[in-house]
Each structure stands twice: as structure tokens, then as C-alpha cells.
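Asker: Output the structure for:
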Amino acid sequence: MKTITTPIIPIVPTYAKVNAPHELHLEAICVFAAIGFFLDTDTYWKDEVVLRPGCQHTISDDGYLLESIPWFEWHYTPDKTRDFDATLQDFTTLFESIIEEQTVGKKVILPLSGGLDSRTQAVALQHLNVPVNSYSYDFQGGYKETQIAKAIAEVCDFDFTAYTIPKGYLWDVLEGLATLNRCESDFTSPRQMAIVDEFETMGEVFSLGHWGDVLFDDMGVRDDLPLKDQVKVLQKKLMKKGGRALANQLWSYWNLAGDFDAYFETRITSLLSAIKIPNNANARIRAFKSMYWAPRWTSVNLAVFASKHPVTLPYYDKRMCEFICTVPEDFLAKRQLQIGYIKQRAPKLAKITWQDQRPFNLYTYPKNKTPYNLPYRTINKLERVFQEVLGKKYIERNWELQFLGDDNQKKLEAYVYNTEFNSWISKSIVDQCYNAFKSGNTVEKSHAMNMFLVFAVHQHLNNRHV
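Answerer: Numbering: from 1, shown residues only. All right, here's what the predicted structure looks like:
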């Protein structure tokens, strides 16, 4: 026997066997179709599980899970002896010590965005005089996110490269990506795969800002929200646009017992009620997301980065998770700690546009409301209309670059219309979803095609290796 201890938020999943038939776990696949990732310990197979985070697991010599005992449980124990300034100082000390430990003596690769998480890292790395090679990307025909990232890099004196995510790159890297993420995510979300070969010579270690936006914000609910309402909120947060309809369609087609909606609600209720945070809904929902969303969605595509260099994630660190459990919700709400840190350490960075609040920055973003934001909104709308008039679609999401257009659609069709795949998910279901997608090209209608492509590639690779 052996013992495996999983981190609070694992970077890499660990798999084990359980005593069950080796057959597809169709209920789990329906949940995947609804939310875009596997829930809890689910995988494609009934006899395979992913080990839960924050637990000590006993594994038999032949790879079977025997026992799992939690060594960490999320809690909400706010330290009321600290005011906001003291909490900010504690965050500053902790965050910078984690960054220093993770990057000491290394040339760091830093993906920069227009948001707060990577900007917060940039502040720490600059303060610590760490050598940094930064980069960013935007979509061909979309918002120039690289402009904000470049401005951040210039203030910090980081090396910087701007990339453009091109149309149709996916088909050349599809099976490689499927091998890396084990088909446990859609293939258009990890746009870093478009430039994966560029990572080879960029540095020695990645510093990634994943999960900062969840840990350092509220969940948008009342602290005293009852459990049943927390379940409703979580279901809404988890469900992809078009996901519920697709899951119900597959549930019915596979003739599974009961109905999908009841099954899904029961599972969410069970998992959420097991989190022992009865006194704060925001803290409990954050814990749920950190236990079940971060490891099974956010971490899945970290494998793309890890295929080239080691990855470090300051917000995944055990000490950061423990710290969050002691911070009053009032201090976490609205990204206050990250904003306060950036303003205090690097005022010049705080004056650069915050993408989510554009054209405002960390000092002016409270004015992102009528009438102050009307000029920007009007100009932005006119620019989009003008681009559409010229016949150029304004690109906001990667699937638009990978699924739209004759060449892309021929390659998509080759995967979702073949005897192998249609023996599992019928051609009539694919037809219905694909025709709806071609007629609308909306986020809701694209979701089914994202899922069908994942399922088709998984089936193809699985059959090839049998």
C-alpha cells in the first residue's frame, strides 16, 4: 500500500481505481456536458476516479483507492483583531514571500492580462527584482488586450511579446492538447495552446495567477443566504449557456434513470452541505469552487504550460488558502486587497486601465456607471458596428476563430460526423445542435459543438489505444 497526500488545490490530478464495471459513466458525462468539467471525483469511467483535494489517500498496490481522510477543511474564521490595513500588510508579506520562494534564481515567464491577478504578480516580481519575460495575446479581429499588458510590462521594465491568436490553429494541435488535458475540458478555452512552442525559450518557470479572482472577491450573495438558495446560485454559476439543454438531451437519449435536473441538484446539495461553513454563504460558495471547480476546470489546462516548463501558482499555495479562511468577507469583496496592494506598491500600475472596468483604472473604476461611461460605451459600440459593416466579425471568444468559416467547419464535421462517434451520440442529435449553431453562432449554441468535439476526440483516442 501507499499513501498519497493531495494539495488543497491540486495542480495535477491524481487518478485511482475503484471497484466498478469498466464502462462509461454516462451520468458523469452528462454533468460534464452541462458545466464543462467533471464534478468531484468523476471521470469518463465508472472504475476510475480523481483523488479529492486536501486529503490523505490510501492506495492499494494494484492502484485501488481504499480510504480518503481530509487533512484540510475550508472554514471561515475571520481574524477580527486585524483592521483592513493590517490585513493588507499581512497579504503583502505573504504574497511576496510565496512569489520569492517560487521564483528565486529563475527567469520567470509571466502571462499578462488586463485584469488584476497577473498585475498583482507583476507588482511583486518587480518589487523583488526578479527577471521576467512577459507576454500576452488577443484575438484576431478582437479587443486589443495586449495594449494593457504591454503598458504594465513597460512600467515594470519586463521583456514583453504580444501574440495574436489566429484562426484555425486548433486543428493542428488538437490531439496533442487532448493528450495533455485528457479531454477533461473543451479545446477552445486553453488558447495558450496556440503559442505553446514559443514557451520553449521564454524562461525557466511560469508564474501563473489562476484563482486569485475567486479567492480575493465575494461571490455576489448575502452572507446569510440559506443553503437551498446557495445551491440555486451555484447551479446557475456552474451551468454553461446551453449546458442544461444538452445534458437533458443526452440523459434522455441514453435512457438514464430519473432526470438530469434532479440528479444534478442532489449532487450539488450533497457536496455543498458537507462544507462546514454554516455562518457565511460567500465563504462556503468560494470553498465549493476551490474544492471542485479549481482542480477539475482551472487546473486541467495547466498541463499545457507544464509541458514546457515547471509551473508555480501563488494563489494555489497552502498558506494563501489558509490565509483566506481568516480574512473577513468585507475585506475580500470587490477585490479590495489586490487593489490596495497594487496602489500601495506600484501606483503607476494602478493608473493603467483595468480591462473589466475599461476605460477606467484602479483609481477611477467607481465611475464605471452612467453617465460617466457613456462616451466609451458609445464609441465602442460604433467601432463594432463599423467593423460589422465592413464584413469583419468582432471576435470575443476563441471558438469563433476555430469553428467559424468553411475550412474550420469541414474539420469540425470530420470529427462529429463519423460512424465511430455517431454510434455513441446519434447523428440526429448532432444534426440538431449543429444546424442550430450554424444558424445562430451564439455562445449557447457553440457549447454543444465544443462538447461534441471533446467527446469525439476522447472516443477516437480511446479506441485507438484499445
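Asker: for the stretch 151-300 of the chain, what spans make up the helices?
Answerer: Using DSSP state H, counting those that start in this stretch, the helices of the stretch 151-300 of the chain run over residues 170-181, 212-215, 227-238, 243-253, 260-273, 281-288.
Asker: right, so those: which one is the most enclosed?
Answerer: helix 281-288 (a mean of 24; mean count of other C-beta atoms under 10 Å). Where C-beta positions appear, they are placed from N, C-alpha and C, glycine not excepted.
Asker: Mind checking what helix or strand follows that helix in sequence?
Answerer: With elements assigned by DSSP states H and E, the helix or strand that comes after helix 281-288 is helix 302-306.
Asker: starting at the chain centroid, how far to that next one?
Answerer: How far helix 302-306 lies from its chain's middle: 13 Å, per C-alpha atoms, centre = their mean, to the nearest Å.
Asker: Now do the buried residues in it.
Answerer: Residues of helix 302-306 classed as buried by neighbour count (16 or more other C-beta atoms under 10 Å): 302, 303, 304, 305.
Asker: quick one: the second one and residue 102, what's the gap?
Answerer: Which is residue 303. In this structure, residue 303 and residue 102 are separated by 18 Å, where distance is defined by C-beta to C-beta, to the nearest Å.
Asker: partners of the strand or helix carrying residue 134, with directions?
Answerer: Applying DSSP H and E as the criterion places residue 134 in strand 132-139. The pairing partners recorded for strand 132-139 under DSSP bridges are strand 108-111 (parallel), strand 159-165 (parallel).
Asker: Residue 200 and residue 308 touch, don't they?
Answerer: Yes: applying C-beta atoms under 8 Å, one finds residue 200 in contact with residue 308, separated by 5.9 Å.
Asker: So for those two, which residue has more residues nearby?
Answerer: Between residue 200 and residue 308, counted using other C-beta atoms under 10 Å, the more crowded position is residue 308 (18 against 9).
Asker: my read is that one is in a helix, agree?
Answerer: No: per DSSP: H, G, I helix; E, B strand; the rest coil, residue 308 lies outside any helix segment and is coil.
Asker: What distance do you get for it to residue 185?
Answerer: To residue 185, residue 308 is 18 Å away according to C-beta to C-beta.
Asker: pLDDT weak spots in the stretch 301-450 of the chain?
Answerer: Along the stretch 301-450 of the chain, the model assigns pLDDT under 70 to residues 384-392.
Asker: which residues in it form helices?
Answerer: Using DSSP H, counting those that start in this stretch, helices in the stretch 301-450 of the chain cover 302-306, 318-324, 329-332, 336-345, 347-350, 374-389, 398-403, 406-416, 419-422, 427-440, 443-465.
Asker: And for residue 313, the neighbour number?
Answerer: Here the count is done by other C-beta under 10 Å, and residue 313 has 24 residues near it.
Asker: Please verify my assumption that it contacts residue 208.
Answerer: Yes: with contact taken as C-beta under 8 Å, residue 313 and residue 208 are classed as touching, separated by 5.0 Å.
Asker: Now list whatever residues contact both of the two.
Answerer: By C-beta atoms under 8 Å, 6 or more residues apart in numbering, residue 313 and residue 208 have these common neighbours: residue 302.
Asker: ok, residues contacting stretch 28-37?
Answerer: 38-39, 42-44, 184-186, 189, 238-240, 243-244, 246-247, 250-251, 254, 256, 260, 263-264, 267, 293, 296-297, 300, 447, 450-451, 455.
Asker: Pick out the residue nearest the middle of the chain.
Answerer: residue 298 (3.6 Å; C-alpha atoms, centre = their mean).
Asker: ok, residue 462 - contacts?
Answerer: Applying C-beta under 8 Å, 6+ apart, we find residue 462 in contact with residue 44.
Asker: May I have the predicted confidence score for it?
Answerer: Reported pLDDT at residue 462 in the predicted model: 84.
Asker: Please report how far it lies from residue 179.
Answerer: To residue 179, residue 462 is 12 Å away according to C-beta to C-beta.
Asker: How about residue 347?
Answerer: For residue 347, the distance to residue 179 under the criterion C-beta to C-beta works out to 45 Å.
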